[in-house]
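Participant: structure for the following, please:
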Amino acid sequence: MTQESTVDTGTGYGRKAPSSDAWLTEVGPGTPMGEALRRYWHPIATSATLTSDLPHRTRILGEDLVVFRDGQGRPGVVFERCAHRGSSLSYGRIEESGIRCAYHGWKFDVQGRCLEQACEPDGGRRREAARQPWYPVEERYGLVFVYMGPPERKPVLPRYDCLESPAEGERYYAEWPVPGGNVIGVEQDFNWLLIYENSIDPVHINWLHSQHSGYQFEGTGTTGFPEDFFDPRTLPGRVSYDRTEYGAKYGIRFFDKAENGVRPERVWGAELHLPNALALPDWVQLVPDAPADMVVWAVPIDDTRHRAFFSIRSSDPERVQRFFLGIKQNGKNAWELTEEERHRFPGDGEVMTSQGPVALHSEETLATTDRGVVLLRRLLKTMVDEVAAGRDPQGVSLVEVPPRRTEAGMFTLPTVTADKIAVAVPAAGA
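Facilitator: Here you go, the predicted structure:
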């Protein structure tokens with residue numbers, strides 16, 4: 001008797017080659033997302049560490065640049081290749097009025113004007129014809145920002161209410177305590193969108209940072225979140241996502257530590273401001289009814305890398321440490337882990353780099369808990385469409401406006417008493 005073999009289903013044979021959504025991930029000049037991102041300001045350096053000592057080579061949105069501060073204290077951003085013969089200006093010498101190329105001594109100011117051609121007759125009789133490509137810069141919140149878009153559409157540099165008007169004793173903390181990253185930001189080897197989507201994916205907090213790898217947030221059970229904050233079974237009913245004036249936010253409701261025998265219900269949440277900023281409150285030392293005190297930016301280097309910048313307004317120097325070291329893996333900092341520990345106790349770095357330099361969107365299977373990611377992608381694609389149609393994208397203003405209202409923080413929810421619940425819920429059969 002002949003028995004027919006069972007045909008396997010769902011195997012990997014014959015699948016199409018995986019692909020990424022280029023409209024979301026590619027950031028070079030002329031790409032849809034690249035042109036949209038160029039309509040906004042981006043951090044490029046930390047103000048305090050950008051001194052008149054040395055220029056710094058960097059790369060943003062697929063363009064090789066040099067950022068420096070001249071002897072008069074003015075920040076400048078110019079193309080890396082000298083307009084004369086293409087030598088890197090990162091080897092240049094900073095002088096009172098600009099940067100001088102090491103190769104032949106041509107000097108340019110912070111707006112790319114050629115001030116002197118050292119070896120030419122009379123210092124260069126036609127030096128005004130040589131212009132080093134440059135970009136506008138402004139300083140705010142301890143950071144140097146650059147605008148790389150069309151000059152006629154240059155917006156005002158945004159203000160954030162959570163960073164405005166530091167009180168007595170407060171200052172801006174913006175320097176990574178990382179060698180090499182304190183000036184031009186910390187480089188990470190994966191596409192900017194991976195970490196930005198991670199920022200509006202609170203669900204991973206309730207699995208990766210707790211159920212899978214153990215409680216990774218410092219302060220859990222003491223100064224931070226109670227342990228049942230991380231309960232994945234109750235999360236679907238506790239998390240919400242909303243559009244805001246500048247992007248999107250999420251909130252997670254939870255019952256905080258008992259006060260006078262009662263556990264108050266609070267909501268903790270973050271907010272994304274297009275195209276790549278994130279407002280966050282402290283998660284190690286929770287302060288009831290406190291708004292966000294920091295903004296983080298994910299600035300694309302190119303299609304497969306990005307740099308992280310931040311600014312914190314605080315009077316507490318330890319606030320930076322709580323941000324930088326506030327997530328532990330097996331009780332250790334990320335750089336202290338063995339390879340085995342990385343596999344047993346993965347964190348954000350491991351799961352994001354494991355997705356590859358760029359997410360393979362064709363391979364995804366999105367679910368209800370991905371609502372924040374879906375919302376963000378829609379907002380970003382609308383932003384791209386607006387620019388392609390010749391309009392200014394969301395959050396861009398060409399005139400001065402009040403500081404942006406950030407909707408991130410931890411806030412106490414009003415108490416709902418039994419009689420209010422009875423009124424709010426109709427009786428059976430009503």
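
Participant: what are the ranges of the helices in the stretch 101-250 of the chain?
Facilitator: Applying DSSP state H, counting those that start in this stretch to the stretch 101-250 of the chain gives helices spanning 192-198.

Participant: which residues of it fall in strands?
Facilitator: For the stretch 101-250 of the chain, applying DSSP state E, counting those that start in this stretch gives strands covering 106-108, 114-117, 134-135, 137-140, 143-147, 171-173, 186-188, 239-243, 247-255.

Participant: and the angle from whichever strand or helix holds A298 to strand 143-147?
Facilitator: Here A298 is covered by strand 294-300, with elements defined by DSSP states H and E. Counting by axes from the mean of the first three to the mean of the last three CA atoms, to 10 degrees, strand 294-300 lies at 40 degrees to strand 143-147.

Participant: most tightly packed of the strands of the stretch 101-250 of the chain?
Facilitator: strand 106-108 (a mean of 27; mean count of other CB atoms under 10 Å). Any C-beta I mention is one placed from the backbone N, CA and C, and that applies to glycine too.

Participant: now what about it, what contacts it?
Facilitator: Contacts to strand 106-108, defined as CB atoms under 8 Å, 6 or more residues apart in numbering, come from residues 78, 82-84, 89, 95, 97-101, 114-118, 124, 127, 130, 132, 134.

Participant: before we move on, back to that, need the next SSE after the strand holding A298, C-terminal direction.
Facilitator: strand 306-314.

Participant: relative to that next one, what are the paired strands and their orientations?
Facilitator: Paired strands of strand 306-314, with direction, are strand 171-173 (antiparallel), strand 186-188 (antiparallel), strand 294-300 (antiparallel) (DSSP bridges).

Participant: out of the ones you listed, the one nearest E265 is which?
Facilitator: Nearest of the strands paired with strand 306-314 to E265, taken as CB to CB: strand 294-300 at 24.5 Å.

Participant: residues in contact with the closest one?
Facilitator: With contact meaning CB under 8 Å, 6+ apart, strand 294-300 is reached by 27, 37, 42-44, 60-62, 141, 160, 162-163, 185, 191-192, 195-196, 199, 273, 276-281, 306-313, 319, 323, 406.

Participant: any chance of TSV for the strands of the stretch 101-250 of the chain, columns distance to L337 and mean pLDDT?
Facilitator: Formatted as TSV, those follow (distance: least, CB to CB, whole Å; pLDDT from 0 to 100):
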stretch	distance to L337	mean pLDDT
strand 106-108	45	98
strand 114-117	50	97
strand 134-135	39	98
strand 137-140	36	98
strand 143-147	30	98
strand 171-173	26	97
strand 186-188	17	95
strand 239-243	29	97
strand 247-255	27	97
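
Participant: which one of those strands lies nearest to R69?
Facilitator: When those are compared by CB to CB, strand 143-147 sits nearest R69, at 8.4 Å.

Participant: which elements pack onto that closest one?
Facilitator: The contact analysis (3 or more CB pairs under 8 Å, 6 or more residues apart in numbering; DSSP states H and E) places strand 143-147 against strand 41-46, strand 63-69, strand 137-140.

Participant: that one pairs with which strands, parallel or anti?
Facilitator: For strand 143-147, pairing defined by DSSP bridges yields strand 41-46 (antiparallel), strand 137-140 (antiparallel).

Participant: out of the ones you listed, which comes closest to P393?
Facilitator: Here strand 41-46 is closest among those (CB to CB), at 12.7 Å.

Participant: re the thing from before, pick the most buried one from the helices and strands packed on strand 143-147.
Facilitator: Scoring the helices and strands packed on strand 143-147 by mean count of other CB under 10 Å, the most buried comes out as strand 41-46, with a mean of 25.

Participant: and the contacts of the helix or strand that that strand is followed by?
Facilitator: Per DSSP H and E, strand 41-46 leads on to strand 56-60 as the next helix or strand towards the C-terminus. Strand 56-60 has contacts (CB under 8 Å, 6+ apart) with 42, 44-45, 50, 64-68, 80, 88, 90, 146, 148, 183-184, 299-302, 307.

Participant: next, the angle from strand 56-60 to strand 63-69.
Facilitator: 140 degrees.

Participant: how about TSV for the helices and strands packed on strand 143-147, with distance to P402 added?
Facilitator: Listed next are those as TSV, based on distance: least, CB to CB, whole Å:
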stretch	distance to P402
strand 41-46	17
strand 63-69	29
strand 137-140	15
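
Participant: tell me which of those strands approaches K154 most closely.
Facilitator: strand 41-46 (8.9 Å).

Participant: how far does that closest one sit from the chain's center?
Facilitator: 11 Å (CA atoms, centre = their mean, to the nearest Å).

Participant: same thing with stretch 274-289?
Facilitator: 12 Å.

Participant: and the end-to-end length of it?
Facilitator: In stretch 274-289, first residue to last residue: 25 Å (CA to CA, to the nearest Å).

Participant: now swap in stretch 155-170 and tell me
Facilitator: End-to-end for stretch 155-170, by CA to CA: 28 Å.

Participant: ok, and what's touching that stretch?
Facilitator: Contacts for stretch 155-170 (CB under 8 Å, 6+ apart): 39-41, 138, 140-141, 145, 147, 172, 273, 279, 291-295, 311, 313-315, 392, 395-406, 408.

Participant: give me the spatial nearest neighbour of V387, chain neighbours excluded.
Facilitator: Leaving out its chain neighbours, the residue that sits closest to V387 by CB to CB, 6 or more residues apart in numbering is A36, at 4.5 Å.

Participant: also V401?
Facilitator: Excluding its sequence neighbours, the residue lying closest to V401 (CB to CB, 6+ apart) is V156, at 7.2 Å.

Participant: against E407, how distant is that neighbour?
Facilitator: Counting by CB to CB, to the nearest Å, the gap from V156 to E407 is 21 Å.

Participant: looking at these two, which one has more neighbours?
Facilitator: E407 (22 against 13; other CB atoms under 10 Å).

Participant: the more buried one in helix, strand or coil?
Facilitator: Three-state call for E407 (DSSP: H, G, I helix; E, B strand; the rest coil): coil.

Participant: doesn't A248 make contact with it?
Facilitator: No: judged on CB atoms under 8 Å, E407 makes no contact with A248 at a distance of 9.8 Å.

Participant: mind listing the shared neighbours of those two?
Facilitator: With CB under 8 Å, 6+ apart, E407 and A248 have common neighbours E271.

Participant: ok so, going back, for P346, which of the helices and strands packed on strand 143-147 is the nearest?
Facilitator: Closest among the helices and strands packed on strand 143-147, using CB to CB: strand 41-46, at 28.2 Å.

Participant: contacts for that closest one?
Facilitator: 56, 58, 60-61, 65, 67, 75, 77, 137-138, 142-148, 155, 157-158, 174-176, 182-185, 276, 297, 299, 309.
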